[in-house]
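Visitor: Sequence plus the predicted model coming up.
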Amino acid sequence: MIESAAIIKIRALFKSQKLAVLSTFNQDQPYSNLVAFAETRDCKSLIFATNRNTNKYRNLLKNRSVSLLIDDRTNLSGDFNQNLAITVLGLAEEVSSDEKPSFKDLLISKNPNIKGFVNGADNTLFKVTISDYISAGFNSVEKLHIQAKLP
């Protein structure tokens, strides 16, 4: 399979980054959190963990639409010309018990320092099924539509 330049760029960014800014909705207001994430091999889904006793969890149950921002900034002046930020748009759903072991392994493999959190009794996993990627540098924007229809 030949991958597009956009997917190659996205894979490279995902490989280099462990954190994303997750945005959910709290009534009519956006609500953002940092999350450790892992991507599936096909780059059509992202996995993250959250505690069930949080606003984030309650927001996800009320409205599955999310965005995640993943970027490579270094907080140096070169970021204005050379940075890459990917916005991921999609629908989040709590991971089923059948999928949980493999997705736990995927998330812990990329983020071994959160193993205790991922395995915590009050915590759960979410899978974001990606509909679009929006790639943005300081002076450019490119949209890549991944799936025609979300479940």
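Guide: In hand now; what should we look at? Numbers count the residues shown, from 1 in each chain.

Visitor: Tell me where the model's unsure across this protein.
Guide: The model of the chain has pLDDT under 70 over residues 1-3, 74-82, 136-151.

Visitor: mind running it again at 80?
Guide: Applying pLDDT under 80 to the chain flags residues 1-7, 73-84, 135-151.

Visitor: Identify the single longest strand in it, thanks.
Guide: strand 123-136 (DSSP state E).

Visitor: and that one, what other elements does it pack with?
Guide: On a contact count with 3 or more C-beta pairs under 8 Å, 6 or more residues apart in numbering; DSSP states H and E, strand 123-136 meets helix 5-16, strand 45-51, strand 85-94, helix 100-110, strand 141-145. For glycine as for every other residue, the C-beta is placed from the backbone atoms N, C-alpha and C.

Visitor: List the buried residues of the second one.
Guide: For strand 45-51, the buried set under the neighbour-count rule, 16 or more other C-beta atoms under 10 Å, comprises 45-50.

Visitor: Contacts made by the very next helix or strand once past it with the rest, please.
Guide: For strand 45-51, the succeeding helix or strand toward the C-terminus, using DSSP states H and E, is helix 55-62. For helix 55-62, contacts defined as C-beta atoms under 8 Å, 6 or more residues apart in numbering pick out 22, 24-26, 31, 33, 50-51, 66, 92, 94, 124, 126.

Visitor: Tell me the buried residues in helix 55-62?
Guide: Using 16+ other C-beta under 10 Å as the test for burial, helix 55-62 gives 56-57, 59-60.

Visitor: For it, C-alpha coordinates in CSV please.
Guide: Only the C-alpha atoms of helix 55-62 are listed here, as CSV (Å, rounded to 0.1, in the frame of the first residue of the first chain):
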residue,chain,number,x,y,z
ASN,A,55,-15.9,16.3,33.7
LYS,A,56,-14.1,14.9,30.6
TYR,A,57,-15.8,11.5,31.1
ARG,A,58,-19.2,13.1,31.7
ASN,A,59,-18.8,15.3,28.6
LEU,A,60,-17.8,12.3,26.4
LEU,A,61,-21.0,10.5,27.5
LYS,A,62,-23.2,13.5,26.6
